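In: heads up, no residue letters with this:
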């Protein structure tokens with residue numbers, strides 16, 4: 001049984017925006033400002049521009065290969081099993097963190113009134129109590145139930161959450177700017193080496209890059225989208241642009257509304273009543289009681305909407321991994337509504353354990369960003385590979401200046417991963433090693449006679465180990481051997497070399513297999529699918545330049 005095409009362009013756009021605007025808008029303006037001061041505005045612009053460039057590559061590749069769980073399927077086409085598993089493992093593990101992040105956000109805000117939900121650790125981080133874990137379990141279960149009961153219920157509930165959160169965000173921006181706006185809060189920004197390092201740290205660890213991760217919902221749900229040439233670019237790129245506008249408005253309103261006295265001791269010491277929910281604390285200090293009430297309602301609605309959609313898209317990654325054979329076949333089981341119910345159930349169980357090693361909202365965010373941007377790297381690589389292998393396939397969305405855009409996209413992926421810092425990167429490296437062990441055991445059991453495609457995936461070893469080494473030697477939590485400024489050049493050279501070898505070591509596309517891959521989906525929506533204009537060589541060996 002296959003997933004069915006049911007998401008219209010507008011519905012897919014709303015799903016992407018709803019998944020993108022979650023807890024990030026409630027917390028990121030505070031964390032980003034504490035790290036970078038008024039430079040947080042620049043951090044949003046950098047993250048938005050970088051994400052938009054990365055999203056462009058996924059728009060082209062997702063229209064060409066519009067299959068559920070695209071993160072797992074796309075690298076399988078270009079580099080085979082080993083690369084596909086590695087990328088999908090990293091993406092799945094990162095996306096799996098999202099629903100717990102949103103649940104953590106809901107309970108962190110709610111703890112202002114219900115203090116028994118959280119307690120403050122010695123490091124000043126709000127952590128869940130036993131009662132908090134119970135409510136976290138109930139919320140996670142709620143997200144899963146909505147995802148398996150009814151398609152109409154999922155879409156309808158998503159629309160209500162989407163509409164409410166957008167209205168509250170616009171009201172918050174207007175209310176804060178019109179009530180209290182101190183222009184002096186934006187002065188004194190020093191764009192020296194220290195200032196830029198703070199801005200880039202805010203991108204990776206302040207929740208800024210995290211705020212844009214939802215653009216990939218369109219990639220994972222591509223196998224269920226209608227009118228592909230409109231739906232996928234609209235959802236993938238449109239969601240980034242729309243959310244950047246909202247986030248900039250919120251950050252400007254937040255900084256402007258702060259009393260200058262609150263930042264007189266430095267931005268890193270910014271604190272006020274209710275800072276577990278910064279916008280709520282700010283509204284309370286300004287006497288905006290009506291906004292305060294709305295914010296506390298939206299503190300449940302916004303993260304719930306994002307968590308709901310991440311349960312949807314993360315299950316598609318695991319569903320695709322199951323269909324390929326990386327994980328047990330029962331995980332691709334669908335219910336009567338054609339939802340991957342087994343994948344959703346397993347994600348719920350594993351997701352609950354993530355509250356333990358990654359306590360607190362900001363710790364979860366850093367881990368997610370580091371893994372998610374690594375999985376983004378396959379977008380620009382796959383675009384270049386398929387431009388060389390199947391240049392004559394019809395592309396209903398085609399990038400201009402493809403070499404430049406893909407190189408920039410790959411470079412930005414590596415930069416954002418590096419900016420998360422050594423403390424996060426070494427934890428991610430352990431998760432990747434565990435993934436390799438899972439792959440070996442799974443392949444031995446499920447596909448013992450098939451090729452591992454190790455030759456075409458060998459670029460991954462220097463790529464992943466190189467990023468970890470650069471992080472260790474770098475200035476973002478590392479030993480500082482590579483100083484800030486020079487690290488841009490080091491990562492730039494590293495990106496060019498790895499991108500070259502990744503494209504060079506692609507597997508040659510077998511035309512018949514490529515057509516067969518798309519055939520089941522094309523039969524459902526034939527007008528939207530690409531067509532082969534002329535024969536392609538049929539060769540499964542690694543391609544040579």
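Out: That came through fine. Everything quoted here is computed from the prediction, not taken from an experiment. Numbering: from 1, shown residues only.

In: any idea which helix or strand carries residue 316?
Out: Assigned by DSSP states H and E, residue 316 falls within helix 289-324.

In: after that helix, next one along is what?
Out: With elements assigned by DSSP H and E, the helix or strand that comes after helix 289-324 is helix 341-353.

In: what's the offset of that next one from the middle of its chain?
Out: Taking the mean of its C-alpha atoms, helix 341-353 sits 18 Å from the chain's own mean (Cα atoms, centre = their mean, to the nearest Å).

In: now swap in stretch 491-504 and tell me
Out: Mean-position distance between stretch 491-504 and its chain equals 23 Å (Cα atoms, centre = their mean).

In: how about it, which residues are buried there?
Out: By neighbour count with 16 or more other Cβ atoms under 10 Å, stretch 491-504 contains the buried residues 491, 494-495, 498-499, 502-503. Placement of C-beta: from N, CA and C, glycine included.

In: dump those into TSV; add secondary structure, pLDDT and distance to residue 236 as well.
Out: TSV is the format used below for these (DSSP: H, G, I helix; E, B strand; the rest coil; pLDDT from 0 to 100; distance: Cβ to Cβ, whole Å):
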residue	secondary structure	pLDDT	distance to residue 236
491	helix	93	25
494	helix	96	27
495	helix	95	22
498	helix	95	24
499	helix	95	21
502	helix	93	22
503	helix	93	22
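
In: closest one of these to residue 269?
Out: Nearest to residue 269 out of these is residue 491 (Cβ to Cβ; 31.7 Å).

In: how about the nearest residue to that closest one, chain neighbours excluded?
Out: Of all residues not flanking residue 491 in the chain, residue 414 sits nearest, at 5.2 Å (Cβ to Cβ, 6 or more residues apart in numbering).

In: the one you found and residue 495 touch, don't they?
Out: Yes - Residue 414 is within contact range of residue 495, at 5.2 Å (criterion: Cβ atoms under 8 Å).

In: on the three-state scheme, residue 509 is what?
Out: coil (DSSP: H, G, I helix; E, B strand; the rest coil).

In: and it, how many neighbours?
Out: For residue 509, the neighbour count with other Cβ atoms under 10 Å is 23.

In: skipping adjacent residues, who's closest to it in space?
Out: Spatial nearest neighbour of residue 509, excluding adjacent residues (Cβ to Cβ, 6+ apart): residue 389 at 4.1 Å.

In: isn't the one you found right up against residue 503?
Out: No - Residue 389 is beyond contact range of residue 503, at 10.0 Å (criterion: Cβ under 8 Å).

In: what touches both of these two?
Out: Here residue 389 and residue 503 share no contacting residue, scored by Cβ atoms under 8 Å, 6 or more residues apart in numbering.

In: sorry, back to before: if you count neighbours, what's buried in the helix holding residue 316?
Out: Buried residues in helix 289-324 (16+ other Cβ under 10 Å): 291-292, 294-296, 298-324.

In: pick out the residue closest to the middle of the protein.
Out: residue 213 (2.7 Å; Cα atoms, centre = their mean).

In: so that one is in contact with residue 22, correct?
Out: No - with contact defined as Cβ under 8 Å, residue 213 does not count as touching residue 22 (9.4 Å).

In: what do the two both touch?
Out: Taking Cβ under 8 Å, 6+ apart as the contact rule, residue 213 and residue 22 both touch residue 98.

In: and the helix holding residue 316, what's its mean pLDDT?
Out: Averaged across helix 289-324, pLDDT comes to 79.

In: tell me the gap between it and the middle of its chain.
Out: In terms of Cα atoms, centre = their mean, the centre of helix 289-324 is found 12 Å from the chain centre.

In: also stretch 32-46?
Out: 19 Å.
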